[in-house]
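> missing the sequence, but the structure's below:
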Ligand SMILES: C[S@@+](CC[C@H](N)C(=O)[O-])C[C@H]1O[C@@H](n2cnc3c(N)ncnc32)[C@H](O)[C@@H]1O
């Protein structure tokens, strides 16, 4: 007993190496061995030697398999060694038996900080409370006038785009095909309401012969109309307009930018060649888990094959790399949704580890994976 007290005194006075030597000689002592081993393991852990601490805790576990404290401390060592999956499993097993075990909570808190959804992601830019009706006066005037549809998308597609963007909260968005800026206004309005994100809009921005905007009056070109509509809606800061052939311009623009594309709306050249060229230029910069929405995927309604062709190609030939969805729409023109898959995509949508822990505590092991 005196030897153990003296080892503890060495720890208290900061003489860790003396303490280790003293504890070493006690570890094989039948009566004091377990206590000495426990102190040595903790000392190793606090000295930043989790591998050694783990060895001691494993020995202690063999001596006392029912001890939840030893199991929780083993989990702590596993965390320090970067074995997050086993640390998680051990900590949640402890909590299922001893819901107040403090070391197990420490492990969960540490796991949360390295692995979970960063609370700051959302806290930084809280979305404003939902409005009565999304949109802005420019959008409503364009809709009231009703002349731009069907070249511009259907009002319900505008609202669909808006809602999706509010949910996904992308940082960088691309649009191919703006025409007079109706869908552009919807996308920019969603980013504005998110207080986050920027849109790069690509179009040939051709001259307009006979277009009179209900907001701007006569417009000479799609560029004037799109820019004017965005300006009138107070959204110009959220958008950069890129005149020219979209596939080439996208590659040129993003090659120089250190950013990935999180979301794209493809509604430009609807030929097979055009739709595929738009997609592959976007895909070069598309983030893992990034979403691409394709407009006009029902060739029976829209006399263009491109979007359908692209969707089918990805579905048949690239399954595993992309997930593809057919979304029917009220205008019967259809939308296609594409998500880029890759190992690690779960990281983007991984739920908070604390929720996962709660689930494990309630139902035992999760059935689908082990991290
Ligand atoms: C259907 S309209 C876009 C409508 C718009 N998305 C909306 O819903 O309000 C198609 C647009 O694609 C543009 N476009 C066609 N081929 C293109 C190309 N190769 N590069 C850039 N834009 C192109 C056209 O100039 C046209 O304005």
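Sure thing, it's come through. Treat the numbers as computed from the prediction; the structure is a model and nothing was measured. Numbers count the residues shown, from 1 in each chain.

> What's the first helix or strand after the helix or strand encompassing residue 265?
Element membership for residue 265, per DSSP states H and E: strand 261-266. Next in sequence after strand 261-266, counting helices and strands by DSSP H and E, comes helix 272-283.

> What number of residues are in the vicinity of the closest residue in space to residue 301 that isn't next to it in sequence?
Closest residue to residue 301 apart from its sequence neighbours, by CB to CB, 6 or more residues apart in numbering: residue 332 at 4.6 Å. Quick note: C-beta positions are derived from backbone N, CA and C, even for glycine. Counted with other CB atoms under 10 Å, the neighbours of residue 332 add up to 11.

> which residues in the protein form strands?
Here the chain has its strands, by DSSP state E, at 172-176, 198-203, 212-213, 217-218, 239-243, 261-266, 286-295, 322-327, 335-340.

> mind putting these in CSV, mean pLDDT, distance to the ligand and mean neighbour count included?
Converted to CSV, the strands of the chain look like this (pLDDT from 0 to 100; distance: least, CB to the nearest ligand atom, whole Å; neighbours: other CB atoms under 10 Å):
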stretch, mean pLDDT, distance to the ligand, mean neighbour count
strand 172-176, 97, 6, 26
strand 198-203, 98, 4, 23
strand 212-213, 94, 13, 17
strand 217-218, 96, 18, 10
strand 239-243, 98, 8, 19
strand 261-266, 97, 7, 26
strand 286-295, 93, 7, 22
strand 322-327, 92, 16, 16
strand 335-340, 94, 12, 21
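
> hang on, residue 191 packs against residue 199?
Yes: in terms of CB atoms under 8 Å, residue 191 counts as a neighbour of residue 199; the distance is 6.2 Å.

> joint contacts of the two?
Common neighbours of residue 191 and residue 199 are listed as 173, 238 (criterion: CB atoms under 8 Å, 6 or more residues apart in numbering).

> circling back to that earlier point, wait, which of the strands of the chain is closest to residue 55?
strand 286-295 (38.1 Å; CB to CB).

> ok, now how distant is the closest residue to residue 4 other than its chain neighbours from residue 199?
The shortest distance from residue 4 to any residue other than its chain neighbours is 5.4 Å, reached at residue 32 (CB to CB, 6+ apart). Note on residue 32: its distance to residue 199, by CB to CB, to the nearest Å, is 70 Å.

> again with residue 249
Taking CB to CB, one finds residue 249 at 14 Å from residue 199.

> neighbours of the residue in the stretch 1-150 of the chain positioned nearest to the ligand, just the number please.
As assessed by CB to the nearest ligand atom, the ligand sits closest to residue 148 within the stretch 1-150 of the chain, at 6.7 Å. By other CB under 10 Å, 19 other residues sit near residue 148.

> Write out the residues of the stretch 151-300 of the chain neighbouring the ligand.
Neighbours of the ligand within the stretch 151-300 of the chain, by CB under 6 Å from any ligand atom: 151-153, 176-179, 182-183, 202-204, 206, 222, 245-246, 267-269, 274.

> Which among these count as buried?
Buried by 16 or more other CB atoms under 10 Å: 152-153, 176-179, 182-183, 202-204, 222, 245-246, 267-269, 274, out of these.

> Stretch 249-261: end-to-end distance?
Stretch 249-261 has an end-to-end distance of 14 Å (CA to CA, to the nearest Å).

> Could you list the buried residues of that stretch?
Under 16+ other CB under 10 Å, the buried positions of stretch 249-261 are 249, 250, 251, 253, 254, 261.
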